[in-house]
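[1] Show me the folded form of this:
(one chain, ligands or ions: 1)
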Amino acid sequence: MADPHARQLPTRRALLRGSAAFAAVAATASASAARAAAEPTTPGRRAGGVRPLDYPLAEWTPASFSNFTVANRPSQYPIEYVVIHVTQETFADTLAIFQDPSAAVSSHYVVGSADGRVAQCVEERNVAWHAGNWSYNTRSIGIEHEGWVDEPEWFTDAMYEKSARLTAYVCDAYGIPKNRTHIIGHSEVPGATHTDPGPLWDWDRYLGLVKAA
Ligand SMILES: [Zn+2]
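    Modelled structure (predicted):
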């Protein structure tokens, strides 16, 4: 993290904010209505002690309600893609950003580098703001991976394996084909200004693990 290359890159917060701006604007009108309708029930579920986890192996670390759009997927929008990201932040800082009501960014899941731990921050039925493209946000599950795109030491066996297990679960849940048409990088989202997960992400290895999971 002290690598001078990292400091030359824009921070993840800046990257995420730039990316999220369009989605946030596009979402504003429908989001406020949907949130007004749905918000009273979700905190109630939490207050009642029910953790709204989708992936059973995740830790529930909810994003701020300001950072995603309440929805009722997959009936409201089909879930057709898994979008793979690299955070440009630490695991802990990424969770903190998602909990910051002014961040205007979130993803459904965050996978840690050292041990592949998985945090869930947004319920799968809701639209996380991760792809920088409203249409893709509505139709995808976003998975962030702790690390920096130009620092290979973050791309550990544990992270690949645990993430692949998560992606396989998502694909099975929604009937998403386990291929590169449907499991895509953030950089492959139309209009993307982001480069993550970057050239160090081993897609062949990842797809193999997803299919074997
Ligand atoms: Zn990204």
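
[2] what sits against residue 143?
    82, 83, 84, 85, 107, 108, 109, 110, 111, 163, 166, 167 (CB atoms under 8 Å, 6 or more residues apart in numbering). Using the backbone N, CA and C atoms, a C-beta is placed for each residue, glycine as well.

[3] Whichever strand or helix holds it pairs with which strands, and in what direction?
    Assigned by DSSP states H and E, residue 143 belongs to strand 140-145. Applying DSSP bridges, strand 140-145 is found paired with strand 81-86 (parallel), strand 109-111 (parallel).

[4] any chance of those strands in TSV, plus distance to residue 158, mean neighbour count and mean pLDDT?
    Formatted as TSV, the strands paired with strand 140-145 follow (distance: least, CB to CB, whole Å; neighbours: other CB atoms under 10 Å; pLDDT from 0 to 100):
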stretch	distance to residue 158	mean neighbour count	mean pLDDT
strand 81-86	15	26	98
strand 109-111	9	28	98
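
[5] shaky segments in the chain?
    Along the chain, the model assigns pLDDT under 70 to residues 1-51.

[6] Residues of it that sit close to the ion?
    85, 186, 194, 196 (CB under 5 Å from the ion).

[7] Quick check on the nearest residue in space to the third one that is not next to it in sequence: phi, psi?
    Read that as residue 194. Of all residues not flanking residue 194 in the chain, residue 186 sits nearest, at 4.8 Å (CB to CB, 6 or more residues apart in numbering). The phi/psi pair for residue 186 (degrees, to the nearest 10) reads phi -60, psi -40.

[8] can you tell me which residues contact residue 186?
    Counted by CB under 8 Å, 6+ apart, residue 186 has contacts 19, 83, 84, 85, 130, 131, 132, 192, 194, 196, 197.
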